[in-house]
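> A predicted structure for the sequence below; I have some questions about it.
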Amino acid sequence: AQTVTQSQPEMSVQEAETVTLSCTYDTSENNYYLFWYKQPPSRQMILVIRQEAYKQQNATENRFSVNFQKAAKSFSLKISDSQLGDTAMYFCAFISNAGNMLTFGGGTRLMVKP
Amino acid sequence: DSGVTQTPKHLITATGQRVTLRCSPRSGDLSVYWYQQSLDQGLQFLIQYYNGEERAKGNILERFSAQQFPDLHSELNLSSLELGDSALYFCASSVGRPQGTDTQYFGPGTRLTVL
């Protein structure tokens, strides 16, 4: 069974600064996909970024980028130029190529301070 | 807006009752997934349907059941409700491979409160 761990329950960052959220996972699979989802106070789950394990290049979406280290089973999210609207819970999630379900980490609560 | 719709937004009911949560996937998506988010258990996968057929089961209680209809909308039925069933229930959908490697897009959720 796969597990996903987010070791930072809470983090804060000043507006316009950069913050990195950590995620590690455990799997015996070789082909899989990793995601970061954002859950703002509205409770909606919003996709932030997706990474395919077979791709060596780290995924980037505007101010959001990941540092994917397959050998270390690490998948961190970097948010640049943090904005107040980035305040949310952030969940790291895993799905194997043979699987059907997302396995989520426990989440990191990020507060962006003005 | 993800394109996934869920009704109702909020539901308050009593222990022992039965409720039905409804989900409409994004246009063209064949797979529907149900997840439960509770304070003590976090986000947990319940069940997946693909084009009307059950494809995968997670930590879904026997008191819970789901189905996907020919128009691809899905319903999650929760019966003999207990206080511990209070949670946020999400529906997600993806394009359509039976295996869930397509990106899953989440609806706004239904908040269930059992009193």
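Ah, there it is. Residues are numbered from 1 along each chain as shown, chains lettered A, B, ... in the order given.

> which residues does the residue lying closest to A:Gln69 once chain neighbours are set aside bridge with?
Distances taken as CB to CB, 6 or more residues apart in numbering or on different chains put A:Phe75 closest to A:Gln69, at 7.6 Å, once the chain neighbours are dropped. Just so you know, the C-beta spots here come from the backbone N, C-alpha and C atoms, and that holds for glycine as well. Beta-bridge pairing of A:Phe75 under DSSP bridges involves A:Phe68.

> number of nearby residues for A:Phe75?
Using other CB atoms under 10 Å in any protein chain shown, A:Phe75 has 28 neighbouring residues.

> same question, A:Asn31
A:Asn31 has 12 nearby residues by other CB under 10 Å.

> sketch out the low-pLDDT regions of chain B for me.
B:96-101 (pLDDT under 70).

> quick one: name the residues of it near chain A.
B:2, B:33, B:35, B:42-45, B:48, B:55-56, B:58, B:88, B:90, B:92, B:98-101, B:103-106, B:108-109, B:111 (CB under 8 Å from any CB of the partner chain).

> hmm, back to that, pLDDT score for the residue nearest to A:Gln69?
For A:Phe75, the pLDDT comes out at 97.

> quick one, what contacts B:Leu115?
B:12-15, B:83 (CB atoms under 8 Å, 6 or more residues apart in numbering or on different chains).

> can you pull up the most central residue in chain A?
Central residue of chain A (CA atoms, centre = their mean): A:Trp36, 3.4 Å from the mean position.

> next, count neighbours for A:Arg109.
Residues near A:Arg109, counting by other CB under 10 Å, number 14.

> name the nearest residue to it, sequence neighbours excluded.
A:Glu10 (4.6 Å).

> my read: A:Pro9 touches A:Leu110, true?
No - the pair A:Pro9 / A:Leu110 is not scored as a contact, 10.6 Å apart, by CB atoms under 8 Å.

> so which of the two has more stuff around it?
Neighbours were counted for A:Pro9 and for A:Leu110 using other CB under 10 Å; A:Leu110 has more, 21 against 9.

> distance between the ends of stretch B:2-22?
End-to-end distance of stretch B:2-22 (CA to CA, to the nearest Å): 16 Å.
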